[in-house]
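**Q** Got a predicted structure here, sequence first:
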Number of protein chains: 2
Amino acid sequence: MRNKRDVYLDDRPWEEALEGLLKHLEAKGTLQPANPELIAVEEALGRVTAAPIFAANSSPHYNASAMDGIAVDSALTFGASDAEPRQIKLGERAQVVDTGDPLPPGCDAVIMIEDIHFVEDDVFEITSAASPWQHVRAIGEDLVATEMILPANHTIRPVDIGGILAGGIGKIKVYSRPRVALLPTGTELVQPGTELKPGDIIEYNTRVLGAMVKTWGGEPIRRAITVDDWDKLKEAVCTAVEEADMVVINAGSSAGREDFTAQLIRELGTVLTHGAAIKPGKPVILGEVKGKPVIGIPGYPVSAALTMEIFVRPIIYRKLGSVPPEPEYAEAIISRKMPSPMGVEEFIRVKLGQVGEKIVATPISRGAGIIMSLVRADGMLRYQDFPRDIGPGKL
Amino acid sequence: MRNKRDVYLDDRPWEEALEGLLKHLEAKGTLQPANPELIAVEEALGRVTAAPIFAANSSPHYNASAMDGIAVDSALTFGASDAEPRQIKLGERAQVVDTGDPLPPGCDAVIMIEDIHFVEDDVFEITSAASPWQHVRAIGEDLVATEMILPANHTIRPVDIGGILAGGIGKIKVYSRPRVALLPTGTELVQPGTELKPGDIIEYNTRVLGAMVKTWGGEPIRRAITVDDWDKLKEAVCTAVEEADMVVINAGSSAGREDFTAQLIRELGTVLTHGAAIKPGKPVILGEVKGKPVIGIPGYPVSAALTMEIFVRPIIYRKLGSVPPEPEYAEAIISRKMPSPMGVEEFIRVKLGQVGEKIVATPISRGAGIIMSLVRADGMLRYQDFPRDIGPGKL
């Protein structure tokens, strides 16, 4: 056992560790989006465009009545007024139309039904002239054929689906969802629903991490539990590297007896960082095998969620050709003094409450093993943003 | 044709119209969430809890080592110091443990591996005492059996999945996704991909509305196009009312020749509002058939998207037992004077740009038929929030 303890964890600032990983992957050419796929526009909600989209037809693709009423040759109406109402007979140059109907040949304007008074079955009267092209939606008013509807790297919203279909496009190229293999490891892990014995740990981390991956636009692939066995873990990692775009190993990232994840990644590829100056989450491993990111995520649930957010989320968004949304910030007063660890960035979960005019942030339990601290939290407080030991701070 | 024009649209403020609809549905008992379903926790991301969730087991469910190291009977260590190091032999009251291992009987504390120095294969030395329960995760530290993990009406996030599984719960009750039938109507409509003739309109509205429904947590059911025929539309509406929780008819909501949606809803049930004082979107119909909301959404794409957002979104969230997220607001200067219509609330699409210290809002085309105005918009400007005709205003 003693000779297994010669593992010393780094203490790198997380920004530096993340940047190192991203640069390494960029140099390998595996950080950019890959494998665009052609999908039906109707299935594209939330996907990211892999190329600009151009209109195949104009919209409207014909001159259209913009109102229910009568399409006329405006020349027929010139001079009409209250004093000199004009009577017009329905015919080629005065035809009843509904909104959206094509403007009949010989007509160049539409008179709203509200402005029309029928004096006979086929004769109506107006008291003002129609100006040419009034109440007409001209060809291309919305989109002109060949016009760019959307640029590349755009995340499709509901209205975008309308714009693309209006332009006559049925299929579009989007980036594939990055496939993230999630490997739960540990002899102590049991699946949810198992009768629990002392020492059993319910394997829920990869469920949480998988839901995160989904939220960010990736495709989680949850694998079977691997026991603490070098050969089995090696096989599991090799298979995952073949099948996925990214591999997340949970846990086996600290320096304990059976924690050989770092050693394994080093054998198969490169370990860029083992240990970041964050709390919780310190023993994270950032590595690369065959050009693909292989990340060792610590086993404690809060550490797992936090390191996933810090190190895996940016890679998923980069591989999606997209940018992660900014977190929301709130100004708040801290409800009590918090001593802060030196040289480590601690992510404190807090509850927020409105007290009078101010928002008060109350720290929740700091234990890395307390998943309920994340469930109960309204936000995360970051120490570095305010003078140490003293509130008020920023969330 | 003339006798079909006796339809006059209301001019109700939208807040009043919406409130009237919600109150009517509440009185019918059909606004609250219905039909909770039991689903696997792992499938519950984004769903809304229909009942509070309580822990079935504690977490941890045994006293666990919180560190890799040696579990000891702390009594063995009392008095150890740099001056008087203590040597301890491995045995029943001093056993090697990894993080997560159960605390062996007879032990009540864990010494971190970093604080241990082996002097023989089975004898180690320490230079400080272990306090009872140090580095031990006590039973229930995270969750105590029977503790409430989540309340009802909570939207499940990734970390919640962890909390629920940690508490030994595998299935939870969530509210069913409200099923929203979307009925495209109009003889002029053609499916995307059809060779276009003048007068054809590509039916993309229900695709946009469907994607909106999905975004809000509902389940869209897009139906076939119904031509402008009373009996066919009646049949389509009756079937939809049977099958869905809510029916959206698009379009046929204005007062044109073939616009008998309001008349049909009136025959089958109740029309609460036909016409709201908004632009675009005025001819919206808010109705109810057999206790279910039946909404007539105008045909112009911007009107359709806007009225869907104003009138259907709140119903979906109410039926989900949830609350719609607040829109984001930005303070901005309007780039040019905008005359505002009297007595009508106009929703102007704007692009936003940073100019020096200020955000400038530039209005985009106001046409209700211009879906690209929504695609290009960064936000929506509401007239009522600032003195008429004069900027700066609020977005």
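**A** Nice, thanks for sending it over.

**Q** Would you map the strands across the stretch 251-395 of chain A?
**A** With DSSP state E, counting those that start in this stretch as the criterion, the stretch 251-395 of chain A has strands at A:270-274, A:278-279, A:285-289, A:292-297, A:331-334, A:345-355, A:358-363, A:379-382, A:393-394.

**Q** Out of those strands, which gets nearest to A:Gly46?
**A** Using C-beta to C-beta as the criterion, the shortest distance between A:Gly46 and the strands of the stretch 251-395 of chain A is 22.5 Å, found for strand A:292-297. All C-beta spots, glycine's among them, are computed from the backbone N, C-alpha and C.

**Q** Compare the strands of the stretch 251-395 of chain A and give me the one nearest B:His274.
**A** strand A:345-355 (40.9 Å).

**Q** in stretch A:146-156, what's buried?
**A** Along stretch A:146-156, the positions that meet the burial threshold by neighbour count (16 or more other C-beta atoms under 10 Å in any protein chain shown) are A:Ile149, A:Leu150, A:Ala152, A:Asn153, A:His154, A:Thr155, A:Ile156.

**Q** which among the residues you listed gets closest to B:Arg223?
**A** Proximity of the buried residues of stretch A:146-156 to B:Arg223 was ranked by C-beta to C-beta; the top entry is A:Ile156 with 23.0 Å.

**Q** so what's that closest one closest to, chain neighbours aside?
**A** Nearest residue to A:Ile156 in three dimensions, chain neighbours excluded: A:Ala44, at 4.6 Å (C-beta to C-beta, 6 or more residues apart in numbering or on different chains).

**Q** still on that earlier bit, give me the subset of the buried residues of stretch A:146-156 that lies in helices.
**A** Secondary structure defined by DSSP state H assigns none of the buried residues of stretch A:146-156 to helices.

**Q** which residues sit in contact with A:Asp101?
**A** If you count contacts by C-beta atoms under 8 Å, 6 or more residues apart in numbering or on different chains, A:Asp101 has them with A:Ala64, A:Ser65, A:Ala71, B:Glu188, B:Gly199.

**Q** at 6 Å instead, please
**A** A:Asp101 makes contact with A:Ser65, B:Gly199 under the criterion C-beta atoms under 6 Å, 6 or more residues apart in numbering or on different chains.

**Q** Of all the strands of the stretch 251-395 of chain A, which one is nearest B:Pro298?
**A** Between those, strand A:345-355 lies closest to B:Pro298; by C-beta to C-beta that is 39.6 Å.

**Q** So which residues on the stretch 251-395 of chain A come close to chain B?
**A** Taking C-beta under 6 Å from any C-beta of the partner chain as the criterion, the neighbours of chain B within the stretch 251-395 of chain A are A:Gly256, A:Arg257, A:Pro301, A:Ala305, A:Gly369, A:Ile370, A:Ile371, A:Met372, A:Leu374, A:Val375.

**Q** distance of the fourth one from B:Leu22?
**A** Relative to B:Leu22, A:Ala305 is positioned 37 Å away (criterion: C-beta to C-beta, to the nearest Å).

**Q** and these two? which has more neighbours close in?
**A** Using other C-beta atoms under 10 Å in any protein chain shown, the more surrounded residue of A:Ala305 and B:Leu22 is A:Ala305, with 24 against 17.

**Q** State the distance from that one to A:Ser373.
**A** Noted for A:Ala305: a distance of 10 Å to A:Ser373, by C-beta to C-beta.

**Q** what does A:Leu233 give?
**A** From A:Leu233 over to A:Ser373 the distance is 29 Å, taken as C-beta to C-beta.

**Q** In terms of neighbours, single out the busier of these two.
**A** A:Ser373 (24 against 20).

**Q** For the nearest residue to A:Glu37 once chain neighbours are set aside, which three-state class applies?
**A** On the basis of C-beta to C-beta, 6+ apart, the spatially nearest residue to A:Glu37 that is not a chain neighbour turns out to be A:Ser176, at 5.5 Å. Following DSSP: H, G, I helix; E, B strand; the rest coil, the label given to A:Ser176 is coil.

**Q** which stretches of the stretch 201-350 of chain A aren't confidently modelled?
**A** A:253-258, A:340 (pLDDT under 70).

**Q** residue ranges for the helices of it, please.
**A** Under the criterion DSSP state H, counting those that start in this stretch, the stretch 201-350 of chain A contains helices at A:205-216, A:230-243, A:261-268, A:301-307, A:313-319.

**Q** what's the longest one in contact with?
**A** Same thing as helix A:230-243. Counting by C-beta under 6 Å, 6+ apart, the neighbours of helix A:230-243 from elsewhere in the structure are A:Ala181, A:Leu183, A:Thr185, A:Thr226, A:Val247, A:Leu264, A:Val289, A:Lys290, A:Lys292.

**Q** Any of these buried? List them.
**A** Among the contacts of helix A:230-243, the ones that count as buried by 16+ other C-beta under 10 Å are A:Ala181, A:Leu183, A:Thr185, A:Thr226, A:Val247, A:Leu264, A:Val289, A:Lys292.

**Q** correct me, but the third one touches A:Gly252?
**A** Read it as A:Thr185. Yes: under the criterion of C-beta atoms under 6 Å, A:Thr185 makes contact with A:Gly252 at 5.0 Å.

**Q** could you pull out the strands for the stretch 51-200 of chain A?
**A** A:53-54, A:64-65, A:69-72, A:86-89, A:94-97, A:109-112, A:117-120, A:123-126, A:136-137, A:148-150, A:171-174, A:179-184, A:189-190.

**Q** May I see the ones you listed organised as TSV, with distance to A:Ala240 and mean pLDDT added?
**A** Compiled in TSV, those are given as follows (distance: least, C-beta to C-beta, whole Å; pLDDT from 0 to 100):
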stretch	distance to A:Ala240	mean pLDDT
strand A:53-54	34	98
strand A:64-65	55	94
strand A:69-72	65	96
strand A:86-89	76	96
strand A:94-97	62	95
strand A:109-112	63	96
strand A:117-120	75	96
strand A:123-126	75	96
strand A:136-137	54	94
strand A:148-150	34	98
strand A:171-174	24	98
strand A:179-184	4	97
strand A:189-190	17	94
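
**Q** who in the stretch 51-200 of chain A is up against chain B?
**A** A:61-62, A:68, A:98, A:100-102, A:118, A:137, A:142-143, A:158-163, A:165-166, A:170, A:188, A:192-193, A:196, A:198-199.

**Q** I'd like the list of these that fall within helices, please.
**A** Cross-referencing these with the helices (criterion: DSSP H) gives A:Pro158, A:Val159, A:Asp160, A:Ile161, A:Gly162, A:Gly163, A:Leu165, A:Ala166 as the overlap.

**Q** Which residue ranges make up the domains of chain A?
**A** With automatic domain parsing serving as the domain definition, the record reports that chain A contains domains spanning A:2-34+A:177-319, A:37-59+A:141-174, A:64-137, A:331-394.

**Q** Tell me which of those domains lies nearest to B:Leu38.
**A** It is, among the domains of chain A and with distance given as C-beta to C-beta, domain A:2-34+A:177-319, at 14.2 Å.

**Q** centroid residue for chain A?
**A** For chain A, the residue whose C-alpha lies nearest the mean C-alpha position (C-alpha atoms, centre = their mean) is A:Trp216; its distance is 4.8 Å.

**Q** still on that earlier bit, would you format the strands of the stretch 251-395 of chain A as TSV with distance to A:Ile221 included?
**A** TSV is the format used below for the strands of the stretch 251-395 of chain A (distance: least, C-beta to C-beta, whole Å):
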stretch	distance to A:Ile221
strand A:270-274	23
strand A:278-279	27
strand A:285-289	16
strand A:292-297	13
strand A:331-334	39
strand A:345-355	27
strand A:358-363	36
strand A:379-382	28
strand A:393-394	37
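
**Q** Thank you, goodbye.
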